[in-house]
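**Student:** Output the structure for:
(one chain, ligands or ions: 1)
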Amino acid sequence: MERPVYLDYNATTPVDPRVLEAMLPWFTDQFGNAASSHHLFGWEAAAAVEEARRQVAHRIGAHEKELLFTSGATESNNLAIKGLFESSPDKKHLITVRTEHKALLDVAAWLETRGVSVTYLETDTEGRITADQVAGALRPDTLAVSVMWANNETGVLQPVGEIGALCRKAGVWFHTDATQAVGKVPVYVPAAHIDLLSFSAHKLYGPKGIGALYVRKGTPLALQMHGGGHERGRRSGTLNVPGIVGFGKACELADPDLSALALLRDELERGILSAVPGTRVNGSVKYRLANVSNLSFPDVDGEELLLQLSRIAVSNGSACTSASVLPSHVLKAMGISDERAHASIRFSLGRFTTPEDIRFTLRYVAGIVADLRRSS
Ligand SMILES: *Cc1c(COP(=O)(O)O)cnc(C)c1O
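**Tutor:** Numbers count the residues shown, from 1 in each chain. A predicted model of the protein is given here:
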């Protein structure tokens, strides 16, 4: 069977061949434990980890001492938010947004069961919030604000710099899930006044199972993983040396200038909008990642549409839970109807997307939607 055209880069990316090459020796010849301080094997591994830490920190404008490695953005979000609230039990209020990733919303929901009160800001119909909304939600017992940099479903960018400045002035900690932003837009933590930032290698052409949390100097975090005291005592567990080396290489290669990719995305989006009457773009088109187009196709059944689109690999506006297929919480939060959310498709392009991929997808999608409409 011919493999589908991959347009799901926001779900995960392939490992760049240059990243793989950098990783390989660390599985075999140079297999040491970075915590082994008495022999060459350990020293080599520790040096490779520190070199990678510099590369990863450099990507976000951080000092390498402020960066700790985790298993991915899910763990980074857990450590950031649970770590903050456990360290300051006298403050019990968190501000976040309805359109966050589940890896943040589920942490917030868990904190609610432990007595933390959470304000979920509503976005406008374009998926954005304002710094003023954050200011209006602040309370004397607010400990932290968490707002993602870029949304994984729509690509919509939040005004993190303004929110960061506000939080710094108000004396509350600011965390951002920047998993979709790093490598796609310039991310510079000092300018955005960020205290904690989560990201992950497998969204930027690195391997799965490795991520990082930026922790600005002086930010209190209670440990979530007890053990051998790795990562300056903040996250125990033997370091994933090949993964870390790959993450470092991926960060070195990441070039947030996506202007070429933006042209392909625009060609796809404009092409579908003009070929398929009634198609709508979900989310802001002005404040958006260059690689994403989230479109809804009225008058077709969403499940049927995804089933038919077997020659492209994309995501749709639904989330499968064990019990049922629910409309995406992100699209719902933007005021989009359940029906339209189900009939939404997220196209996310990346480094290896070709003009041929886009031309094929355009013709293919337009043809399938027309067929479905005729038959309904
Ligand atoms: C993919 C993603 C995550 C989860 O990252 P993992 O490294 O897979 O745990 C969290 N937040 C956002 C915005 C994501 O896109």
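**Student:** residue contacts, whatever residue of the stretch 51-200 of the chain ends up closest to the ligand?
**Tutor:** Proximity of the stretch 51-200 of the chain to the ligand (C-beta to the nearest ligand atom) peaks at G72, 2.6 Å away. Glycine gets a C-beta too; all of them are placed from N, C-alpha and C. The neighbours of G72, taking C-beta atoms under 8 Å, 6 or more residues apart in numbering as the test, are 200-202, 208-211.
**Student:** please redo it, this time with the cut-off set to 10 Å
**Tutor:** When contacts are counted by C-beta atoms under 10 Å, 6 or more residues apart in numbering, G72 is found next to 103, 179, 198-203, 208-212, 243.
**Student:** And L105, by the same measure?
**Tutor:** By C-beta under 10 Å, 6+ apart, the contact set of L105 is 77, 96-99, 118, 120, 146, 329.
**Student:** So what touches stretch 115-122?
**Tutor:** Under C-beta under 10 Å, 6+ apart, the answer for stretch 115-122 is 81-82, 85, 89, 91-100, 105, 107-112, 129-130, 133-134, 136-139, 141-147, 333-335.
**Student:** List only buried entries from these.
**Tutor:** The neighbour count (16 or more other C-beta atoms under 10 Å) marks 81-82, 85, 91-100, 105, 107-108, 111, 129, 133-134, 137-138, 142-147, 333-334 as buried among the contacts of stretch 115-122.
**Student:** OK, contacts around V147?
**Tutor:** Shown in contact with V147 (C-beta under 10 Å, 6+ apart): 95-97, 99-100, 104, 121, 129, 131, 133-134, 158-160, 163-164, 167, 174-177.
**Student:** One more pass at 6 Å, please.
**Tutor:** Counting by C-beta atoms under 6 Å, 6 or more residues apart in numbering, V147 makes contact with 97, 158, 163, 176.
**Student:** Take those residues and write them to JSON lines, including secondary structure.
**Tutor:** JSON lines is the format used below for the contacts of V147 (DSSP: H, G, I helix; E, B strand; the rest coil):
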{"residue": "V97", "secondary structure": "strand"}
{"residue": "Q158", "secondary structure": "coil"}
{"residue": "I163", "secondary structure": "helix"}
{"residue": "T176", "secondary structure": "strand"}
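**Student:** Most neighbours of all these, which one?
**Tutor:** With neighbours taken as other C-beta atoms under 10 Å, the top of these is T176, carrying 28 neighbours.
**Student:** From D195, how far off is that one?
**Tutor:** 9 Å (C-beta to C-beta, to the nearest Å).
**Student:** Also F85?
**Tutor:** Remark: distance between F85 and D195 (C-beta to C-beta) = 14 Å.
**Student:** got the residue ranges for the strands in the stretch 201-350 of the chain?
**Tutor:** Here the stretch 201-350 of the chain has its strands, by DSSP state E, counting those that start in this stretch, at 211-215, 280-281, 292-296, 312-313, 315-316, 318-320, 325-327, 344-348.
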